[in-house]
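Engineer: Sequence and predicted structure are below.
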Amino acid sequence: MLRVEGLGKSYNDFVAIGDITAEFAAGKFTCIVGPSGCGKTTLLKCLSGLLAPSKGRVLLNGKPITEPPESMALVFQDYSRSLYPWMTVRENVAFPLRKKRLAASDRDERIEEALASVGLADAMDKYPWQLSGGMQQRTAIARAIAYKPEILLMDEPFASVDAQTRSDLEDLMLRLRARYNMTIVFVTHDIDESVYLGDHIVVLGSRPTTVKETLNVPLAHP
Ligand code: ADP
Ligand code: ADP
């Protein structure tokens, strides 16, 4: 359903991505791994329509993506910049839902369910500065979940949290994945994390980047 064909991306003369063809299967968890600087973030930005490819195409259900589709949510690495500091946790999670014209009761239900699923039911009225880094990142994840995207793109979302929190968040992703039938594309430079989380792993080489290998993970996820 989400596919890149012959994708290349250059920044002026600098070729970040040479030629990538890959598929991100509907309802599956695909990890993109590769060394630092190989173009993982660039690929994710092209997948979301935030960056225009220099060559090739990004297709969602056969149609080229030119801007982030309504059916997509993004979670970035830097949680300290992803939440609005003047809004409470609840208000942050509510923010993207404005676009959806939901009844207030439906909206509140989604917010509460999403925050409960990341273990933040008791922190709804707190401000980001009152939360630990892991809690801020869970707020960003809850915001994406409450939106009920068909496609969730995550760029090294656990890179800047401590090891225990990271492991908790990885398990949270597995539970969310079992619960909501989302297509997830997850960028990481950690091969262990990709094997733990992914159904499929797209391994990128170094620049100018192409796909080195596509692996299927023979693990039964919960
Ligand atoms: P990764 O996410 O794998 O670390 P990136 O996609 O961030 O890689 O970057 C790929 C390469 O492109 C890197 O060498 C990076 O320095 C370069 N790059 C990324 N964004 C820009 C930009 N806006 N302008 C110029 N070079 C960039
Ligand atoms: P990541 O590890 O997630 O790729 P980076 O620190 O490489 O993060 O990049 C952070 C942001 O800066 C990205 O949006 C990337 O596109 C941009 N960036 C990276 N390298 C360059 C560069 N050489 N020139 C301009 N922007 C860059």
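Structural biologist: On my side now, so go ahead. Numbering: from 1, shown residues only. Ligands and ions are numbered 1, 2, ... in the order given.
Engineer: number of nearby residues for the closest residue to Leu120 other than its chain neighbours?
Structural biologist: Spatially, and ignoring its direct neighbours in sequence, Leu120 is nearest to Arg138 (5.7 Å; CB to CB, 6 or more residues apart in numbering). Using the backbone N, CA and C atoms, a C-beta is placed for each residue, glycine as well. By other CB atoms under 10 Å, the residues close to Arg138 number 27.
Engineer: In terms of secondary structure, what does the helix or strand containing Arg138 contact?
Structural biologist: Following DSSP states H and E, one finds Arg138 within helix 133-146. The contact analysis (3 or more CB pairs under 8 Å, 6 or more residues apart in numbering; DSSP states H and E) places helix 133-146 against strand 72-75, helix 79-82, helix 89-94, helix 104-117, helix 163-179.
Engineer: And those, which one averages the lowest pLDDT?
Structural biologist: For these, the bottom mean pLDDT is recorded on helix 79-82, which sits at a mean of 80.
Engineer: how about that one: buried residues?
Structural biologist: Across helix 79-82, burial judged by 16 or more other CB atoms under 10 Å covers 79, 82.
Engineer: again, but for stretch 37-48
Structural biologist: For stretch 37-48, a neighbour-count test (16+ other CB under 10 Å) marks 38-48 as buried.
Engineer: quick one: Tyr196 from Pro64, how far?
Structural biologist: 33 Å (CB to CB, to the nearest Å).
Engineer: Which one's more surrounded, those two?
Structural biologist: Tyr196 (18 against 11).
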